[in-house]
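> Quick one, what's the 3D model for this:
(chains A and B)
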Amino acid sequence: MIRAVIVMNDQGKPRLVKFYEHQPVEKQQEIIRSIYGVLCSRAENVSNFVQADSTFGPDTRLVYKTFATLYFIVIFDDSENELAILDLMQVFVETLDKCFSNVCELDIVFNFNKVHTILDEIILGGQVIEMSSSEVVKAVDGISWLEKNPNSIIRVPKSISGWQGR
Amino acid sequence: MALSGMRGLSVFISEIRNCQNKEQERLRVDKELGNIRTRFKNEKGLTPYDKKKYVWKMLYIFMLGYDVDFGHMEAVSLISAPKYPEKQVGYLVTSCLLNENHDFLRLAINTVRNDIIGRNETFQCLALTLVGNIGGREFAESLAPDVQKLLISSSCRPLVRKKAALCLLRLFRKNPDVVNVDGWSDRMTQLLDERNLGVLTSSMSLFVALVSNNHEAYWSCLPKCVKVLERLARNHDVPQEYTYYGIPSPWLQVKTMRALQYFPTVEDPNTRRSLFEVLQRVLMGTDVVKNVNKNNASHAVLFEALALVMHLDAEKEMMSQCVALLGKFIAVREPNIRYLGLENMTRMLMVTDVQDIIKRHQAQIITSLKDPDISIRRRALDLLYGMCDVSNAKDIVEELLQYLGTADFTMREELALKAAILAEKFAPDLSWYVDVILQLIDKAGDFVSDDIWFRVVQFVTNNEDLQPYAALKAREYLDKPAIHETMVKVSAYLLGEYSHLLARRPGCTPKEIFGIIHEKLPTVSTPTISILLSTYAKILMHSQPPDPELQNQIWAIFSKYESCIDAEIQQRAVEYLTLSRKGAALMDILAEMPKFPERESSLIKKAEDTEADTAELSAIKLRAQQQASTALVVTDQRPANESPQVSQLAMVKIPSMNNMENNSVDQELTQANGILGEVEPQPPTHAPDADILGDLLSPLAIEGPPGVSAKSEHNIVSGIEGPLSEDDALALAPVGEQDNVVKPIGDVAERFHALCLKDSGVLYEDPYVQIGIKAEWRAHQGSFVLFLGNKTTSSLVSVQAVILPPSHLKLVLSSVPEIIPPRAQVQCPLEVENIRPSRDVAVLDFSYKFGTNMVNNKLRLPAVLNKFFQPTPVSAEEFFPQWRLLAGPPLKLQEVVRGVRPMSLGEMANLLNSLRLVVCPGLDPNASNLVATTTFYSESTRALLCLVRIETDPADRSQLRMTVASRDPTLTFELKEFIKEHLVSIPTASRPPPQPQIAASDPGALLAGLL
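Numbering: from 1, shown residues only, chains lettered A, B, ... in the order given. This is a model prediction of the structure:
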């Protein structure tokens, strides 16, 4: 199970914080601080894995990936595969890239609410719901459309999800 | 989307960004929170748009790390907004801000339900997302059926169904009863046929959760998983959007292989073959390429395949192939793959037979200890620690010592501890062990805890041969210009005790020794001064004939410290001064320390406590149990008296346990023998794991309280009389006290019962011996290996193991050596053959001599009825003809069993499954009944199918009706009784009350007593 997804910049400022197990706000901040402390001292060309059990308890792992000025961090337990989590982050970032066309930190800062919406289409309750970024983009586009046309009768545009394979 | 028109939010974020420091940010946030609070208070004029904006601001502030303790109601109320934009914000923010126990969430439960059962799919998605993220028990109870309906509905779109799958998973976690095992295995089978990969991905996650909870119910899904793998990895039957860097949905491949690891094995030969074909393809067809993302994805699949191969315990050939792959990985450029290569190699250690192949990569692993990435260095350390055994301990520990000099600060403590443990566990000889620990103290004194040097002292004290060597080494270190304080402590202690053994060597006269130790005194802390004073007293005692000059020097020091502000030092000084004036009496009082009782290494215990990575640890632990090593095997941490009632029963159940008082040394007693202060009529006050050096020093430095001064007099007096012989000590000890037997560690009966349900583990353990067991069963035959481990540093002699077989078993035990060398483990194969059905139990009569004491135990061997079962699922077409054919007694027996211990139907099914009776769901139309089948093997009956039906009464769980049928009347009867024993209360408690002792020489009577 995925316990948390955190995006922060290279100054340690949180840009997206989503815990899948409730943590009080102080604890969240403590976790973010301690992760930043570890990550900012890591060299380039090292692995993407960091021991996390001191912050999250035994059997938890932390995988991070840097994209420009941002750290993407996923904390999860031993029921997940580390490298597959890296794939997941890549899918998340590729999706952001498609939704914001060339995503940068500012996009995420000012559209944190949209980033939440996108994340909700990828991970639900700590489990991955969709790994195809084109499917996620379709779903998010559908939501955007609904936001702009709140009175529409067609609830789900046909493009969100085909009927293929059923 | 949300950005459009939300100017207020953007402005607020900009302002926060423009804050120069944290203080300004806080002021801005406080201002905004005040503003929001006021706006929420006067709800009039608050448009849905405003509400939405403020709620987003709240979430932003929350993310920045400020507590937002109001406005939750407003967020929740947006959920019931009629229009999508507000509703969406309400759902999203609520699931971020609130936790599952929040009261407001309960208020929303109805709206959420209406959205789920309503016909609006977008609303369904929102509601499912909320429940999937933060739904609690209450949601589980009221929403589970609706969510299930959505998941299996054929009219729902994939977008809704995949959310329903994960939502159900959340509800299942909150309350496992919401997924009814019986019905769900079929549904799950269907879900795994799903063509849409999004739905299949979610369903697979749900399946992993269900199967990890109870794999037995989902056997029918196993071939489906293999089909999914074939579809993805072999047929590449995947739509383009699910191909990730050319690989067909790596995520789903990984999840599917993970699911398969929850099944103990893959039995069906065809399924197994197909699975291994896929795995082989993955293992062979993965190369390291340039694209990092592609590498990650392909290796995610590869590492999962490796884990599955390991789990399925594939043929040795495939295993060697895996190790070869891992060997390649730990040397590649890609750091992630190096990391996982090392981690998986550590896991691989669990698999027997491959350790030797792993050892071939030792050089590369040692190189990884110098990797630029600390994460990789840690994995390398773990692996080296795990792979260490007697054959390579010297190399590995020396590498660790060398690395210690340059290692990061953050790793040193762990490194020092691991080196110390390995040195202790696998020392080829004890002088090497002393060398290692002294080097460790020399190189990383700050990281060497007291435990480590206490342990050296214990070893040296207990091994006379080692004493001159240790003293010499300590003397050598003292010559170094600057040494760590711990080194001062340990060398002062060792030289105080044993420097007289060096008397003829240059630089080792008492005077010289005293001189060089005393040089250190000005630099050390108070606790060390106490140790030095004891050393001086010992040196003084050893300088025979007395050297007046040395005596005066030492007396001067004692006199100086007589007025020391530290009570401990002062007391020692006063007492040593007085004692050393007593002349000959001094000799006895300050005589050499007696041997320590053997006890579990506190170091290893500590390592267990501090060990963070439990996966690796359990691997190592498991290996320690399975594998022969000279290790002092890590013991179960569970206190022996965890369940007092049961352990009492255990004490009486095996009659011979009662006559152990006279044949064992107790730890307390050994101390009593050595440490006169403890032979007081009052019970020993310290806990068994009390600081051992505390004990060690107590006769020298008598504790302060007034009540104890009498004791110290007693000390001196008995000292003059000469040391007590062991017999005296025995006589002084309270007779018949529970403490005076060799107490088994852990509950013997519990261990036996655990082993009835599994095939390897610890059968018996006490402070000196550990008996492990590993068994394999094939039809009516079985082979055990008994692992007899000597945990102590002395030899166990007169070791005897005799099998007392019941009449239905043929047992052949290979010869057991009479002597088990210190810290060694011997393996004794034991062959078992089952002649006919019976519930009687074989007994291992095990005895050994430790010191002068015989220890004898009669241990039941877990060669019980169910070990000769082979779980055999039976279809309805096979079952019913058989069931009808076996018409009545004596082939088919029925009994109403009362006093059944309370358990749910699921628990009962698990129990039957663990007895190797496979529960066949769906055979009995009544959901509160269970039907189970198995095949029994014995020489006389050959293979016989057994059929069991249990009819429970949902209204009264304490009774049930059981029907057992087979073609052998004895088997039917024995099986019926056997199951009954397991159903009626905890098996241990159903044993008869205490019985009179039975002569141990009569196996028949003994067996009767046992049963």
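> Outside of the helix or strand where B:E568 lies itself, list whatever touches it.
Per DSSP states H and E: B:E568 is located in helix B:567-580. Taking contacts as CB atoms under 8 Å, 6 or more residues apart in numbering or on different chains, the residues outside helix B:567-580 that touch it are B:526-527, B:529-530, B:533-534, B:536-537, B:540-541, B:551, B:554-555, B:557-564, B:585-586, B:589-590, B:700-702, B:704, B:712, B:716. Using the backbone N, CA and C atoms, a C-beta is placed for each residue, glycine as well.
> and it, which residues are buried?
For helix B:567-580, burial by neighbour count (16 or more other CB atoms under 10 Å in any protein chain shown) applies to B:568-577, B:579-580.
> with these in mind, which one is nearest to B:Y339?
Minimum distance to B:Y339 across the buried residues of helix B:567-580 is 49.0 Å, recorded for B:E568 (CB to CB).
> do you know how far that closest one is from chain A?
36 Å (CB to the nearest CB, to the nearest Å).
> next one: B:I979
To chain A, B:I979 is 34 Å away according to CB to the nearest CB.
> contacting residues around that residue?
Contacts of B:I979 by CB under 8 Å, 6+ apart are B:912, B:915, B:917, B:948, B:962, B:964.
> how about a cut-off of 7 Å?
B:948, B:962 (CB atoms under 7 Å, 6 or more residues apart in numbering or on different chains).
> Alpha carbons of the strand or helix carrying it, as CSV, please.
Element membership for B:I979 (DSSP H and E) is helix B:969-983. Extracted as CSV, the C-alpha positions of helix B:969-983 are listed here (Å, rounded to 0.1, in the frame of the first residue of the first chain):
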residue,chain,number,x,y,z
PRO,B,969,-13.0,-47.8,10.2
THR,B,970,-9.9,-47.1,12.3
LEU,B,971,-9.0,-44.1,10.2
THR,B,972,-12.6,-42.8,10.4
PHE,B,973,-12.5,-43.0,14.1
GLU,B,974,-9.1,-41.6,14.6
LEU,B,975,-9.7,-38.8,12.3
LYS,B,976,-12.9,-37.9,14.0
GLU,B,977,-11.2,-37.8,17.4
PHE,B,978,-8.3,-35.9,15.9
ILE,B,979,-10.5,-33.1,14.5
LYS,B,980,-12.5,-33.0,17.7
GLU,B,981,-9.3,-32.5,19.7
HIS,B,982,-8.6,-29.4,17.6
LEU,B,983,-12.1,-28.1,17.7
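> Give the buried residues for it.
Quick answer for helix B:969-983 (16+ other CB under 10 Å): B:970-976, B:978-980, B:982-983.
> can you check stretch B:774-788 too?
Neighbour-count burial for stretch B:774-788, counted by 16+ other CB under 10 Å, picks out B:774-775, B:777, B:779-782, B:784-788.
> ok, so what distance separates the nearest residue to A:N151 once chain neighbours are set aside from A:E147?
Leaving aside its sequence neighbours, A:N151 sits nearest to B:K83 (CB to CB, 6 or more residues apart in numbering or on different chains; 7.5 Å). Going from B:K83 to A:E147 by CB to CB, to the nearest Å gives 9 Å.
> Compare the two and say which is more crowded by neighbours.
Neighbours per residue, other CB atoms under 10 Å in any protein chain shown: of B:K83 and A:E147, the larger number sits with A:E147, 20 against 13.
> just to confirm, which helix or strand has the more buried one in it?
Under the criterion of DSSP H and E, A:E147 resides in helix A:133-148.
> Report all helices and strands that that helix contacts.
Applying 3 or more CB pairs under 7 Å, 6 or more residues apart in numbering or on different chains; DSSP states H and E, one finds that helix A:133-148 contacts helix A:82-100, helix A:112-122, helix B:84-97.
> how about the longest one against chain B, any contact?
Which is helix A:82-100. Yes: shown here: helix A:82-100 in contact with chain B (CB under 7 Å from any CB of the partner chain) through A:82-84, A:86-87, A:90.
> will you turn these into a markdown table that also has pLDDT?
A markdown table is the format used below for the residues of helix A:82-100 next to chain B (pLDDT from 0 to 100):
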| residue | pLDDT |
| --- | --- |
| A:E82 | 93 |
| A:L83 | 94 |
| A:A84 | 95 |
| A:L86 | 95 |
| A:D87 | 95 |
| A:Q90 | 95 |
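> Buried members of the residues you listed into ChimeraX, please.
Command for ChimeraX that selects the buried part of the residues of helix A:82-100 next to chain B, burial taken from 16+ other CB under 10 Å:
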select /A:82,83,84,86,87,90
